[in-house]
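*Asks:* My questions concern the predicted model and sequence given below.
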Amino acid sequence: MAQFQNHDLEYVVDDYYDMTDFEEETLSVTDPHNDSSVEALDSDVEDNFEMSKQKTDTSAQEARNGKDIQGIPWERLNFTRDKYRETRLKQYKNYENLSRPREELEKECKKIENGSVFYDFQFNTRLVQSTIVHFQLRNLLWATSKHDVYLMQNYSVMHWSSLQRRGKEVLNVAKPIVPTLKCPGSLGQSLSRVQISTMTVKENLMVAGGFQGELICKNLSQPGVAFCAKLTTDDNAITNAVDIYHNPNGLLRIMAANNDAEVRIFDAENFACLNRFTYPWSVNNTSVSPDGKLLAILGDSTECLLADVLSGKVVATLKGHLDYSFASAWHPDGRTLATGNQDTTCRLWDIRNLSESQTVLKGRMGAIRAVRFSSDGRFMAMAEPADFVHVFDTESGYVRGQEIDLFGEIAGISFSPDTQALFVGIADRTYGSLLEFNRRCYQYLDSII
């Protein structure tokens, strides 16, 4: 992944993206870093939301009455939403590590029938606001139920209750963190001012990775942090991805993928390091198959790997992408793997025939930074770095789609475990927020008819 020094945690996009300002009189697009910029949305509209954030939240009823779901006051601007969207699509620059001819890529991509609505807008709040620390890493939001969401907000891990419409700090990583679990031979060590680069929440366990190679594990039902440590002293030691999974024997494990080209496996009870696998390039993302047997490994390569989860031995190489990959997800049936890449596509692989990808899905303007399947396998969602989340009906062969059109950097996406909600985190100075979409009930009838 790209290397850079992050000296501004809250507004990392200021340093690594083209900044587009919302102003009362004009639309101006600036480019502070021409060499590796990706466009992002910044806002200067003075709506004093720090004093009245609840007033700037948006409900489904308000949206039906004409209010913008993000609360952007288009009526006060010198351009319409449609005009601004047109400008964004023309001026957005997708970040690429490898510049390769992509003329043939369009021919591979499936033609999508957009226009379906699988998830309706329900609520948008600015009481919690997502932030990111690395522009290529967007796994910073997780839903544990349709009412409970965890996200990163600067140095705080926040919990949002959609029932109470209230946010609560779960962990502050700016303060000194001392591991509470003391085990013989434990690698645990105190940390402070950790910049969280990735996170996951499963099995009542919150696991986060840090910008300097840290790993933090917290049991949500217990005070303090059970385990924390710096995994490596490598100069470019970003923890790029973390996962919580059950191995083939049903034992709970934690996986950490790092920029030092290693994948580390930990016991989820005593946090002992059980194994370390080394690969030829920085590992940007990993995901374990539902049966706990296969490990997908994505990184600074056009190729993706499948490995045995117990030994780390590579059993298959997936070829087709044109750039580096940063996202993956398994369909619940364990037969389909989705991989998201900076070539702006998501490829779907059938593990029974890995000679080529079965389907290629393309975004509107940028890399595919996050991919998720609903727990029933009916839907797959993929997020671009900014502005667009795409939801596909898997039962239609990924032909029917819903395009969620927003403005701002996307920090993460997550289906609720019961599939009833889809959450999207937006990282932006003014319009940073958490959006909730609810599943349309008639979809259940569709699956029967």
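*Replies:* Great, that's in hand. Numbering: from 1, shown residues only.
*Asks:* Now do the buried residues in the lengthiest strand in the chain.
*Replies:* Taking DSSP state E as the criterion, the chain has its longest strand at strand 400-415. For strand 400-415, a neighbour-count test (16 or more other Cβ atoms under 10 Å) marks 400-402, 404, 406-415 as buried. Where C-beta positions appear, they are placed from N, C-alpha and C, glycine not excepted.
*Asks:* How about stretch 106-117?
*Replies:* Those would be K110, I112, S116, for stretch 106-117 by 16+ other Cβ under 10 Å.
*Asks:* what's the answer for stretch 308-317, then?
*Replies:* If you call a residue buried by 16+ other Cβ under 10 Å, then stretch 308-317 has these buried ones: V309, G312.
*Asks:* picking that back up, can you identify the element that follows the longest strand of the chain toward the C-terminus?
*Replies:* Later in the chain than strand 400-415, the nearest helix or strand by DSSP states H and E is strand 421-427.
*Asks:* What is that following strand packed up against?
*Replies:* strand 119-125, strand 141-145, strand 386-393, strand 400-415, strand 433-439 (3 or more Cβ pairs under 8 Å, 6 or more residues apart in numbering; DSSP states H and E).
*Asks:* what bridges to the residue nearest to L141 when sequence neighbours are not counted?
*Replies:* In this structure, L141 finds its nearest non-sequential neighbour in G412, 3.0 Å apart by Cβ to Cβ, 6 or more residues apart in numbering. Applying DSSP bridges to G412 gives these bridge partners: G425.
*Asks:* Against S287, how distant is G412?
*Replies:* Relative to S287, G412 is positioned 15 Å away (Cβ to Cβ, to the nearest Å).
*Asks:* cool, and R100?
*Replies:* 25 Å.
*Asks:* Please say which of these two ends up with more neighbours.
*Replies:* S287 (22 against 10; other Cβ atoms under 10 Å).
*Asks:* now, which of the buried residues of strand 400-415 sits nearest T430?
*Replies:* T430 has its nearest neighbour among the buried residues of strand 400-415 in G408, at 9.3 Å by Cβ to Cβ.
*Asks:* was I right about the closest one contacting Y431?
*Replies:* Yes. Here G408 reaches Y431: they are 5.7 Å apart, a contact under Cβ atoms under 8 Å.
*Asks:* State the number of residues packed around the closest residue to P290 other than its chain neighbours.
*Replies:* Distances taken as Cβ to Cβ, 6+ apart place G334 nearest to P290, at 4.4 Å, with adjacent residues excluded. Applying other Cβ under 10 Å, we find 14 residues neighbouring G334.
*Asks:* Kindly list the main-chain dihedrals of G188?
*Replies:* phi -60, psi 140 (degrees, to the nearest 10).
*Asks:* ok, the closest residue in space to it that isn't next to it in sequence - contacts?
*Replies:* Excluding the flanking residues, the one nearest G188 by Cβ to Cβ, 6+ apart is P179, at 3.7 Å. Taking Cβ atoms under 8 Å, 6 or more residues apart in numbering, we find P179 in contact with S186, G188, Q189, S190, V225, A226, F227, C228, A229.
*Asks:* how close does P179 get to L89?
*Replies:* 47 Å.
*Asks:* By mean pLDDT, point me to the weakest helix or strand of this protein.
*Replies:* The weakest-scoring helix or strand in the chain, judged by mean pLDDT, DSSP states H and E, is strand 27-30 (a mean of 32).
*Asks:* And stretch 127-146, end to end?
*Replies:* End-to-end distance for stretch 127-146, by Cα to Cα, to the nearest Å: 18 Å.
*Asks:* now do stretch 187-206
*Replies:* 18 Å.
*Asks:* What of stretch 298-311?
*Replies:* Where stretch 298-311 starts and where it finishes are 17 Å apart, if you go by Cα to Cα.
*Asks:* Can you list the buried residues in it?
*Replies:* Going by 16+ other Cβ under 10 Å, stretch 298-311 has these buried residues: L298, G299, D300, S301, T302, C304, L305, L306, A307, V309.
*Asks:* So which elements touch the host helix or strand of M382?
*Replies:* Secondary structure assigned from DSSP H and E places M382 in strand 379-383. Strand 379-383 sits against strand 336-341, strand 370-373, strand 386-393, strand 400-415, with contacts defined as 3+ Cβ pairs under 8 Å, 6+ apart.
*Asks:* cutoff 6 Å now
*Replies:* strand 370-373, strand 386-393, strand 400-415 (3 or more Cβ pairs under 6 Å, 6 or more residues apart in numbering; DSSP states H and E).
*Asks:* These: which one's closest to Q164?
*Replies:* Among the helices and strands packed on strand 379-383, the nearest to Q164 by Cβ to Cβ is strand 400-415 (18.8 Å).
*Asks:* Can you give the contact residues for the closest one?
*Replies:* 13, 40-41, 112-114, 116-118, 130, 132, 138-143, 370, 372, 374, 381, 383, 386-387, 389-393, 422-428, 431 (Cβ atoms under 6 Å, 6 or more residues apart in numbering).
*Asks:* can you give me the mean pLDDT across it?
*Replies:* The average pLDDT within strand 400-415 is 97.
*Asks:* just how off-centre is it within its chain?
*Replies:* 10 Å (Cα atoms, centre = their mean, to the nearest Å).
*Asks:* Taking strand 119-125 as reference, get the angle to it.
*Replies:* 40 degrees (axes from the mean of the first three to the mean of the last three Cα atoms, to 10 degrees).
*Asks:* quick one: strand 400-415 to strand 421-427, angle?
*Replies:* Using the same axes, to 10 degrees: strand 400-415 against strand 421-427 is 70 degrees.
*Asks:* For E169, grab the count of nearby residues.
*Replies:* Using other Cβ under 10 Å, E169 has 12 other residues around it.
*Asks:* Touching, it and Y155? I think so.
*Replies:* No. Look at E169 against Y155 with Cβ atoms under 6 Å: they stay out of range, at 9.6 Å.
*Asks:* can you list contacts of stretch 146-158?
*Replies:* 9-10, 128-131, 140-143, 159-163, 167, 169-174, 196, 201, 416, 418, 420-421, 423, 425.
*Asks:* which of the residues in it are buried?
*Replies:* Result for stretch 146-158 [16+ other Cβ under 10 Å]: buried residues K146, D148, V149, Y150, L151, M152, Q153, N154, Y155, S156, V157, M158.
*Asks:* now those residues in TSV, with distance to F266 and secondary structure?
*Replies:* As requested, the buried residues of stretch 146-158 are arranged in TSV below (distance: Cβ to Cβ, whole Å; DSSP: H, G, I helix; E, B strand; the rest coil):
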residue	distance to F266	secondary structure
K146	29	coil
D148	24	strand
V149	25	strand
Y150	20	strand
L151	23	strand
M152	21	strand
Q153	26	strand
N154	26	coil
Y155	24	coil
S156	24	strand
V157	19	strand
M158	25	strand
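*Asks:* Nothing else from me, thank you.
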